[in-house]
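Student: return atomic coordinates for the entry below.
(2 chains)
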Amino acid sequence: MKHVDEYRNGDTAQKLAATLAREVDPARDYRLMEFCGGHTHAIFRYGVQDLLPGNVKMIHGPGCPVCVLPISRIDQAIAYARRSDVILCSYGDMLRVPGSKFTSLMKAKAEGCDVRMVYSTLDALELAQNNPDKKIVFFAIGFETTTPPTAMAIKQAETMGLKNFFILSNHVLTPSAIQNILESPDVRALGSVPLDGFLGPAHVSVVIGSQPYEYFVEEFQRPVVISGFEPLDVMQSILMLVRQLNEGRAEVENQYLRAVTHMGNTKAKKLVAEIFELRRVFEWRGLGEVPYSGLRIKEEYAAFDAEVQIPVETPPARENKACECPAILRGMKKPTDCKLFGTHCTPENPMGSCMVSAEGACAAYYSYGRFREAV
Amino acid sequence: MSTRTAYTRSLDLKNGVVEMSHGGGGRAMSQLIEQLFGDAFANDILAQGNDQAAFELPRGKVVMSTDSFVISPLFFPGGNIGNLAVHGTVNDVALSGGQPLYLTAGFILEEGFPLKDLKTIVDSMAHAAHEAGVYIVTGDTKVVERGHGDGVYINTTGIGVITDDIHISGERARPGDKILINGYVGDHGVAIMSLREGLGFEASVQSDCASLNGLIGDMVKAVPDIHVMRDPTRGGLAATLNEIARQSGVGMMLNEPDIPIRDQVRGACEILGLDPLYVANEGKLLAICPEDQAETLLHAMQAHPLGKQAAIIGSVIEDANSFVQLKTGFGGTRVVDWIAGEQLPRIC
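Tutor: All right, here's what the predicted structure looks like:
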């Protein structure tokens, strides 16, 4: 497969592994967090960890939009789906995520609710056109990568004069979450859980550029390398982080020169800024309430805001107390340190955020990596 | 005085549709059975017109299997629900190492389904049965109201005979055994997914659906001591190998570069965020045999048209946890786990 195989080449991987082995300082550990679930997935799927020196430890961050969505938001989506005048649509991954009392959109669908899986916001717009007597609620989730398409859909709905198209916005921001992790007392003040550097997600930076990370490399003195998602991208980025740490630098570096620029996609950013504004606070599953980390629809576009136009009531939701996701997401614990891991909490029956999607740290650990624990 | 012969209009196979009366037990039903099913499946046992089929079986152990087919869409590149229903059950019987002989066919039809499409489906069933050398000897038809079915559901049950020297079974994989597959992985699933509603994604891949009894016959002749044989249908290679690993109490180590996957299938999976190892196949089999006979088995497979791309893809290893593992082309190792739920496209 052209343009893909080049980035998965085994020989190049061996050479990179040898360079890494030569350059790491055996006297120290390198604790690096890949923020994004896509990186976690690549690391496990291709067995990248096997090629890293023993003292380079990857910590799996909270960057999976499905995983970080709090139970209450899923309950809200299910409440919409249960209305007979609503067709609820969302991306495939989202349908299986459990809300309160083991419900999910998939189960709601089985009960007779009209829930549709769509591949893009365009499909949702088409649903609205074809079903004028129904209210189409698009359960919008994702980081900076999926926000521009949602903004675009609102613009298009406006142009088309659609009165039955609504967005339930759950869009969240990467830099605010990374900052939140670094500001948590265990990581910052106590220094008990060192996080030495970050791999930043390339697709997010295709939109926002590398610039938004400049503030916190300075503030927190931790290097960030914006990394592609192919396994060679990941290994090269790890090498770049190791070199920065060895040289005592803390800079934003861009490994993904193929598509990431300093300022990103200004057109997309402008569109997002036109339609969305920051929420003062947004709840993340696992991290709790994170200030200025989520987006809501501006008042000018409130006609498309499901929360404004079709308010639904849901009782407060609670996470399982034994769930260690908050500590796992900050790199303080491993999935296997959690009592629920692999017993009460499995990919078939996830209790906490990290087990929910294949990209969550616990799910990846469970599906791809648990043999390591067994031997 | 003679009784007048009633004139019955023959089935309108061009514009007609399935009606409730086609399942009602009256003349309409008997007409559908005679003119559509009877004609297509014609054989001596069916011609007896009884509610059951009576036949003699050759000596040996009797093997039996049943499967229901609810696929959507009904027609796909490389086949339709009809030949799929024959291939599927023929394969399930044949994978025991036995010879499939007779099939039953049960149809659940939805009111309003075009008879023209039904004829296409029934004809391709007949064709598939003829090619596989099996007879469809008894059947059943029910009609459900419009909106209560998906056009056509088909159940087939197959019966066959195994000779006494064959002992193929899921619990016989032993450490050291080799794992073989007869060709490209994931074709069927990708062909179906490319057609599914709303995907707007065209792939040039055809379903691999085929009856494997001919290939299996050659394999068993070449290596009678095949330990395990199974078809990686739903859940793909990953699910089938995990089943076998658990049943046999062993682990497996696959070598990713050795697993044959078409570029188009890899490409489609890449775009959809799926893993080809979890994608369904309908004309593939996995065989596990002792290491010293693996080459012989491989050559026997490659000599058959349905095994040209056959390959040895891994080995059975000792593992109390029964993990199926994969050495990646990248140079690492990972577990190939059971799939949780259905494979759904990832968001980002």
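
Student: quick check, A:C89 in a helix?
Tutor: No: under DSSP: H, G, I helix; E, B strand; the rest coil, A:C89 falls outside any helix and is assigned strand.

Student: who does it bridge with?
Tutor: Note on A:C89: beta-bridge partners A:R116, A:F138, judged by DSSP bridges.

Student: contacting residues around it?
Tutor: A:115-118, A:123-124, A:127, A:136-139 (CB atoms under 8 Å, 6 or more residues apart in numbering or on different chains). Heads up, the C-betas are built off the backbone N, CA and C, glycines and all.

Student: what separates it from B:I33, distance-wise?
Tutor: 43 Å (CB to CB, to the nearest Å).

Student: for B:A132, state which of the contacts of A:C89 is nearest.
Tutor: When the contacts of A:C89 are compared for distance to B:A132 (CB to CB), A:M117 wins out at 36.2 Å.

Student: pick out the residue of chain A closest to chain B.
Tutor: Closest residue of chain A to chain B, CB to the nearest CB: A:G47 (1.6 Å).

Student: tell me the contacts of the residue in chain B that chain A sits nearest to?
Tutor: Of all residues in chain B, B:G332 sits closest to chain A, at 1.6 Å by CB to the nearest CB. With contacts taken as CB under 8 Å, 6+ apart, B:G332 has the following neighbours: A:46-51.

Student: could you check how far A:Q255 is from A:T174?
Tutor: 16 Å.

Student: likewise for A:E247?
Tutor: Where A:T174 is concerned, A:E247 sits at a distance of 26 Å (CB to CB).

Student: next secondary structure after the helix or strand encompassing B:G106?
Tutor: Using DSSP states H and E, B:G106 falls within strand B:99-110. For strand B:99-110, the following helix or strand on the C-terminal side (DSSP H and E) is helix B:115-132.

Student: report the buried residues of that following helix.
Tutor: Of the residues in helix B:115-132, B:115, B:117-126, B:128-129, B:131-132 count as buried by neighbour count, 16 or more other CB atoms under 10 Å in any protein chain shown.

Student: stretch B:12-31 too?
Tutor: For stretch B:12-31, by 16+ other CB under 10 Å, it's B:16-19, B:22-23, B:28-29, B:31.

Student: for the residue nearest the centre of chain B, what are its contacts?
Tutor: Taking CA atoms, centre = their mean, the centroid of chain B lies closest to B:G88, which sits 2.4 Å from it. Contact analysis of B:G88 by CB under 8 Å, 6+ apart lists B:67, B:69, B:156, B:209, B:233, B:282.

Student: is it in a helix, a strand, or coil?
Tutor: Under three-state DSSP, B:G88 falls in the helix class.

Student: tell me the pLDDT at it?
Tutor: At B:G88, the model reports a pLDDT of 96.

Student: how near is it to B:A53?
Tutor: When B:G88 is compared with B:A53 (using CB to CB), they lie 20 Å apart.

Student: next, residue 141: phi, psi?
Tutor: All of this is about chain A. Main-chain dihedrals, A:I141, degrees, to the nearest 10: phi -130, psi 170.

Student: hmm, no, I was thinking of chain B.
Tutor: Per degrees, to the nearest 10, the backbone of B:T141 is at phi -130, psi 130.

Student: same question, the one 3 residues further on
Tutor: Note on B:V144: backbone dihedrals following degrees, to the nearest 10 are phi -110, psi 160.

Student: which residues touch the closest residue in space to B:P276 that isn't next to it in sequence?
Tutor: Computed as CB to CB, 6 or more residues apart in numbering or on different chains, the closest residue to B:P276 that is not its neighbour in sequence is B:G186, at 4.1 Å. The contact partners of B:G186, taken as CB under 8 Å, 6+ apart, are B:236, B:261-262, B:265, B:269, B:276-277, B:279-281.

Student: got a quick ChimeraX command for the buried subset of these?
Tutor: Applying 16+ other CB under 10 Å to these leaves a buried subset, and the ChimeraX line that selects it is:
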select /B:236,261,262,265,269,276,277,279,280,281
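
Student: chain B contacts on the stretch 151-300 of chain A?
Tutor: Residues of the stretch 151-300 of chain A lying near chain B by CB under 8 Å from any CB of the partner chain: A:203, A:231.

Student: which helix or which strand is home to B:I312?
Tutor: Element membership for B:I312 (DSSP H and E) is strand B:311-317.

Student: cool, and A:S169?
Tutor: strand A:165-171.

Student: CA atoms only: put that strand into CSV for me.
Tutor: Output of strand A:165-171 as CSV, limited to C-alpha atoms (Å, rounded to 0.1, in the frame of the first residue of the first chain):
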residue,chain,number,x,y,z
PHE,A,165,-31.2,20.1,12.4
PHE,A,166,-29.6,20.4,15.9
ILE,A,167,-26.2,19.9,17.3
LEU,A,168,-25.5,18.5,20.8
SER,A,169,-22.0,19.9,21.1
ASN,A,170,-19.4,18.0,23.1
HIS,A,171,-16.3,19.3,21.3
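
Student: can you list contacts of the helix or strand following it?
Tutor: On the C-terminal side of strand A:165-171, the nearest following helix or strand under DSSP H and E is helix A:174-183. Outside helix A:174-183, the residues that touch it by CB under 8 Å, 6+ apart are A:33, A:35-36, A:61-63, A:68, A:143-144, A:187-188, A:195, A:198, A:200-201, A:204, A:208, A:212-213, A:215-216, A:220, A:222, A:284, A:287, A:290-293, A:329-331.

Student: chain center to helix A:174-183, what's the gap?
Tutor: On the basis of CA atoms, centre = their mean, to the nearest Å, helix A:174-183 sits 12 Å off its chain's mean C-alpha point.

Student: please apply the same query to stretch A:273-290.
Tutor: 13 Å.

Student: go through it and flag the buried ones.
Tutor: A:275-276, A:279, A:282-287, A:290.
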